[in-house]
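Engineer: Show me how the following folds:
(chains A and B)
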Amino acid sequence: MSAIVCSHVDKAYGATTVIRDLNLVIEEHEFVVFLGPSGCGKSTLLRMLAGLEDISGGEVSIGGKVVNDLEPGDRGIAMVFQNYALYPHMTIFDNIAFGLRRQKVPASEIRKRVEAVSRTLGLDPYLGRKPAELSGGQQQRVAIARAMIKTPKVFLFDEPLSNLDAKLRNHMRVEIARLHQSLKTTTVYVTHDQLEAMTLADRIVLLKDGIIEQIGSPAEIYGRPGNIFVAGFIGTPNMNFVEVTVGRAGNGWTLTGAGTVLSIDGAGFHLQPGDRAVLGIRPPDLKMAGAGAAGILQGTADLIELHGNDALVTFGSGGKEISALVPARECPVLHAPVRYTFEEDDIHLFDATSGASLRRQ
Amino acid sequence: MRLGRIVAKAVLAFAGFLAVFPLLWTALNSLKNSVDIITRVPRLVFTPTLANISYILGRDSVITGLYNSVIACGTAVLIGVVLGLPAAYAVARYPNRWAGDIQFFVLSLRFLPPVAVAIPLMVIWLQLGLYDTLPALIVTYSLLTISVIMWLAIPAFQSVPKEIEEAAFVDGYGAYAVFWRIALPVAARSLIGAVAFSFVLVWNEFLIALMLSSSNAKTLPIVASELSQQGMNVPWGILNASVVLLSLPPLLFLGVLSGFLNSVFRQKKT
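Structural biologist: Sure thing, here's the model as predicted:
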């Protein structure tokens, strides 16, 4: 049975529609990440699952039960908020126990369960303290403990790491991943950080303006982006986009743009001669071209950013800025001529008007 | 830097002196005989007397005034808390399209000069046959306490992070439990300030009490003011003693509240 089913879900505030006809099925034990730019409706959607926002249209069911009109407490969910949302006037123990008290769990069992959960998360020494005396990372751990203790059907995380500093964020990300491995509870996790999405998710739901742009595993989203928005949103450094015109050449195809003509086999794409398309290549997929290589992008290195192991080389080709991520030892000197080539498997082609991928399924 | 600090401390000490000295002087005068009060050179050393205070406490009118004040103000503050706090919470958390108007209306009750409110109220209570009774005073004062408490409590409730309340909803609690167990305790510090302020406001209230009472329902400020109307010879000692009596309840009230505040504070620190 699916853990969460959203069918034809809408959300509108007055005349403004923020989510439009959204359909999504989340399987049991799955870790799903809602990813997207700010204002894309990902947090709103999560809050609709939690019952903190009304559902304007459509149906949401959790664990096979329609929850549209259920109170948050009756949906079998637990939520971790961005700013932790601990009860400031209660001790850590009471914070964690608050939900169980509502369920009229006997005091002795509450104590046992709180102690077990706090041992898992390393919160033992802090149970008697107030939230204000804990660091951000500890507070977030309390928030996770408060969610865990209810043994919910679904965990909901609303940008839980964005208030933490970079180091702590990495650490907590690993902890959340471990937690999911051991608990296997269905999890929906909202973030705008693609690194979090790529590392944590079984499946990523990429949203923009309240519409799902693509659903897929991190590898699918990265390797086979369904449209130009997904391609541009995922991956650092960003994908290069070059506007090209498609032409026929013998058994293969030519792509003309950025001051060059690239010959490709083209069997993997739906192409028509004369089509206007956008060629996408990720910077790491550009390789130094040896003599006689086909499909060359060349120019003069305008900007070199050394990242340590790698260097990002930016060069102009036919008035178009293109970046290549190369091993640092292959890094050219500034203003030197550079030549890069690519494997045809690594390129992406999108329709210039609709933005949809031209790749054959 | 050092000089700046010295100047700042001097200014602070001077301001503190300005604030505290009159109170201290009043307290001292209440313990003096008239001779010691009306001397040309103010006396710091004198033979203290409890005559003024015992005179004050011995007068029936003062005791009745004290009783009336405590009952009228206490009940009005209680009503203000019981009705005002939930109303403020509702406006803060569940605003409808009237929320802004409600807030403005509540404040507008305080725009009018008190005399403009007092005269119609006097007529209303006269017609209802409740003029010069404690219930009339209690209801009238409740209008003041509810509006003041609402006005101060709305921002206090709004400053409670919404996510905290949402977390409680997710934990399974309903709207009423969230109000009692989350919003009230978290906003308590500001709310106590609001309640204390409303108490001081009605305790010191003079004009409306004067208009609404003639003999039975006189509050302490009215009684105290009447003490100065006893002929040419102003009984300074007695007046000072009545002022001390008048000032004590608000001070006690604030003292109890700030003690409560301190205890809340200390729990957070340890």
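Engineer: residues contacting the residue of chain A found nearest chain B?
Structural biologist: Closest residue of chain A to chain B, CB to the nearest CB: A:Gly73 (3.0 Å). For the C-beta atoms, the positions are set from N, CA and C on the backbone; glycine is no exception. Each residue near A:Gly73 by CB atoms under 8 Å, 6 or more residues apart in numbering or on different chains is listed here: A:Arg102, B:Phe169, B:Val170, B:Asp171, B:Gly172, B:Tyr173, B:Gly174.
Engineer: same thing but at 6 Å, please
Structural biologist: A:Gly73 makes contacts with B:Gly172, as judged by CB atoms under 6 Å, 6 or more residues apart in numbering or on different chains.
Engineer: Assign it to helix, strand or coil.
Structural biologist: Of the three states, A:Gly73 takes helix under DSSP: H, G, I helix; E, B strand; the rest coil.
Engineer: And for A:Tyr84?
Structural biologist: On the basis of three-state DSSP, A:Tyr84 is classed as coil.
Engineer: which residues touch it?
Structural biologist: Applying CB under 6 Å, 6+ apart, we find A:Tyr84 in contact with A:Gln139, A:Gln140, A:Ala143.
Engineer: The second one sits in which helix or strand?
Structural biologist: Assigned by DSSP states H and E, A:Gln140 falls within helix A:136-148.
Engineer: circling back: could you check how far the residue of chain A closest to chain B is from A:Phe315?
Structural biologist: For A:Gly73, the distance to A:Phe315 equals 58 Å [CB to CB, to the nearest Å].
Engineer: where do the helices sit along the stretch 101-250 of chain A?
Structural biologist: Here the stretch 101-250 of chain A has its helices, by DSSP state H, counting those that start in this stretch, at A:107-120, A:136-148, A:166-183, A:194-200, A:218-223, A:228-233.
Engineer: Switch the ones you listed over to a markdown table; also include mean pLDDT and mean neighbour count.
Structural biologist: Listed next are the helices of the stretch 101-250 of chain A as a markdown table, based on pLDDT from 0 to 100; neighbours: other CB atoms under 10 Å in any protein chain shown:
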| stretch | mean pLDDT | mean neighbour count |
| --- | --- | --- |
| helix A:107-120 | 91 | 15 |
| helix A:136-148 | 90 | 23 |
| helix A:166-183 | 89 | 15 |
| helix A:194-200 | 91 | 20 |
| helix A:218-223 | 93 | 17 |
| helix A:228-233 | 93 | 22 |
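Engineer: Could you work out which of those reaches nearest to B:Phe206?
Structural biologist: helix A:136-148 (50.2 Å; CB to CB).
Engineer: Measure how that closest one sits relative to helix A:107-120, angle-wise.
Structural biologist: 140 degrees (axes from the mean of the first three to the mean of the last three CA atoms, to 10 degrees).
Engineer: I'd like to know which elements helix A:136-148 is packed against.
Structural biologist: Under the contact definition 3 or more CB pairs under 6 Å, 6 or more residues apart in numbering or on different chains; DSSP states H and E, helix A:136-148 sits against strand A:77-80, helix A:92-102, helix A:107-120.
Engineer: Would you mind listing the outside residues contacting the longest one?
Structural biologist: With CB under 6 Å, 6+ apart as the test, helix A:107-120 has contacts from A:Phe93, A:Ile96, A:Ala97, A:Leu100, A:Asp124, A:Ala145, A:Met148, A:Ile149.
Engineer: cutoff 7 Å now
Structural biologist: The list of residues contacting helix A:107-120 from outside it, by CB atoms under 7 Å, 6 or more residues apart in numbering or on different chains, reads A:Phe93, A:Ile96, A:Ala97, A:Leu100, A:Arg101, A:Asp124, A:Leu127, A:Ala145, A:Met148, A:Ile149.
Engineer: try stretch B:50-67
Structural biologist: By CB under 7 Å, 6+ apart, the surrounding residues in contact with stretch B:50-67 are B:Ser30, B:Lys218, B:Thr219, B:Leu220, B:Ile222, B:Val223, B:Gly237, B:Ile238, B:Asn240, B:Ala241, B:Ser242, B:Leu245.
Engineer: for stretch B:99-118, same thing?
Structural biologist: Residues contacting stretch B:99-118 (CB under 7 Å, 6+ apart): B:Val91, B:Leu143, B:Ser147, B:Met150, B:Trp151, B:Ile154, B:Leu207, B:Ile208, B:Met211.
Engineer: swap the cut-off to 10 Å and go again
Structural biologist: By CB atoms under 10 Å, 6 or more residues apart in numbering or on different chains, the residues outside stretch B:99-118 that reach it are B:84, B:87-88, B:90-93, B:95-96, B:98, B:121, B:140, B:143-144, B:146-151, B:154-155, B:201, B:205-212.
Engineer: Output the contacting helices and strands for the worst-scoring helix or strand of chain A on mean pLDDT.
Structural biologist: The weakest-scoring helix or strand in chain A, judged by mean pLDDT, DSSP states H and E, is strand A:260-264 (a mean of 83). With contacts defined as 3 or more CB pairs under 10 Å, 6 or more residues apart in numbering or on different chains; DSSP states H and E, strand A:260-264 has these neighbours: strand A:240-249, strand A:252-257, strand A:297-306.
Engineer: ok, then the element right after that strand?
Structural biologist: Next helix or strand after strand A:260-264 toward the C-terminus (DSSP H and E): strand A:276-281.
Engineer: next one: the helix holding A:Gln140 to chain centre, how far?
Structural biologist: Computed by CA atoms, centre = their mean, to the nearest Å, the chain-centroid distance of helix A:136-148 equals 22 Å.
Engineer: Likewise for stretch A:98-109?
Structural biologist: That offset, for stretch A:98-109, works out to 36 Å (CA atoms, centre = their mean).
Engineer: With stretch A:195-215 instead?
Structural biologist: Distance, stretch centre to chain centre, for stretch A:195-215: 4 Å (CA atoms, centre = their mean).
Engineer: which parts of it are buried?
Structural biologist: For stretch A:195-215, the neighbour count (16 or more other CB atoms under 10 Å in any protein chain shown) marks A:196-198, A:200-201, A:203-208, A:210, A:212-215 as buried.
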